[in-house]
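Novice: Below: sequence and its predicted model.
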Amino acid sequence: KNEVEQSPQNLTAQEGEFITINCSYSVGISALHWLQQHPGGGIVSLFMLSSGKKKHGRLIATINIQEKHSSLHITASHPRDSAVYICAVSPRMAGNKLTFGGGTRVLVKP
Amino acid sequence: NAGVTQTPKFRILKIGQSMTLQCTQDMNHNYMYWYRQDPGMGLKLIYYSVGAGITDKGEVPNGYNVSRSTTEDFPLRLELAAPSQTSVYFCASSRGNADTQYFGPGTRLTVL
């Protein structure tokens, strides 16, 4: 069983819909990261969080440390949000070595 | 700031050839990383460094070598290229332990 599990693996939405991606992990962590990889291949860090909730534009990330679970929400989705979203954790015992989830491929149709 | 830069963007190697993938960051970050991403798969850590002169193996180090003589540069060396090393290679850096990692644009390598 992978230490970081993401669901769903693939998601198709219509423009304007609310999107939720889930991430569950099994190890103690220092922080959780959400990354975005565009079709061109570049990887961008969206959020790093260790508690609570963070918001940036139409993106919201939440984490529940007790339940070892995080969600990434995209409000009012747009075709330019089409990308692979990757959850990664910094394990408490090896914080600088990220453990990655398998990614969620999101397609937003106009 | 340019952030993290990688060269080359693309490269085709023959089996047995060697090459160095270059990575430079201008953010004065202590931590640097090399990852590979195989088609349709997730990122895997090859090597990392926590500062100049210090390097350590990641999850998939076989077939690669690294050095960290300066804070800015973290080159990845492939000595005897094999088809299994066909992948996209990403370099990343972070200020400290468990901090946000900043990724370079990647190098797409094909070994034939």
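Specialist: Nice, I can see it.

Novice: Sheet partners, orientation included, of the lowest-mean-pLDDT helix or strand in chain A?
Specialist: With mean pLDDT, DSSP states H and E as the measure, the helix or strand of chain A carrying the lowest mean pLDDT is strand A:99-100 (a mean of 91). Neighbouring strands of strand A:99-100 in its sheet, by DSSP bridges, are strand A:83-91 (antiparallel).

Novice: gap between the partner strand and the chain center?
Specialist: In this view, strand A:83-91 has its centroid 5 Å away from the chain centroid, taken as C-alpha atoms, centre = their mean, to the nearest Å.

Novice: what's the answer for stretch B:96-108, then?
Specialist: 10 Å.

Novice: Tally up the residues packed near residue B:41, please.
Specialist: 12 (other C-beta atoms under 10 Å in any protein chain shown). Where you see a C-beta, it was placed from the backbone N, CA and C, and this is true even at glycine.

Novice: Look at it and report its pLDDT.
Specialist: pLDDT, residue B:41: 84.

Novice: and it, how far is that from chain A?
Specialist: Residue B:41 sits 8 Å away from chain A, going by C-beta to the nearest C-beta, to the nearest Å.

Novice: so which helix or strand takes in that residue?
Specialist: Here residue B:41 is covered by no helix or strand, with elements defined by DSSP states H and E.

Novice: ditto for the one 5 residues further on
Specialist: In this structure, residue B:46 is located in strand B:43-51 according to DSSP H and E.

Novice: Same question for residue B:5.
Specialist: Residue-wise, residue B:5 maps onto strand B:4-7 under DSSP H and E.

Novice: Name the residues of the helix or strand following that strand that come out as buried.
Specialist: Remark: after strand B:4-7, the chain's next helix or strand is strand B:10-13, criterion DSSP H and E. Neighbour-count burial for strand B:10-13 flags B:11, B:13 (criterion: 16 or more other C-beta atoms under 10 Å in any protein chain shown).

Novice: Looking at residue B:10 now. What's its pLDDT?
Specialist: 96.

Novice: per-residue confidence for the spatially most central residue of chain B?
Specialist: The centre of chain B sits closest to residue B:34, judged by C-alpha atoms, centre = their mean, with a distance of 3.1 Å. Residue B:34 carries a pLDDT score of 97 in this model.

Novice: For chain B, what lies in contact range of chain A?
Specialist: Residues of chain B lying near chain A by C-beta under 8 Å from any C-beta of the partner chain: B:31, B:33, B:42-45, B:48, B:50, B:58, B:88, B:90, B:92, B:94, B:96-103, B:105-106, B:108.
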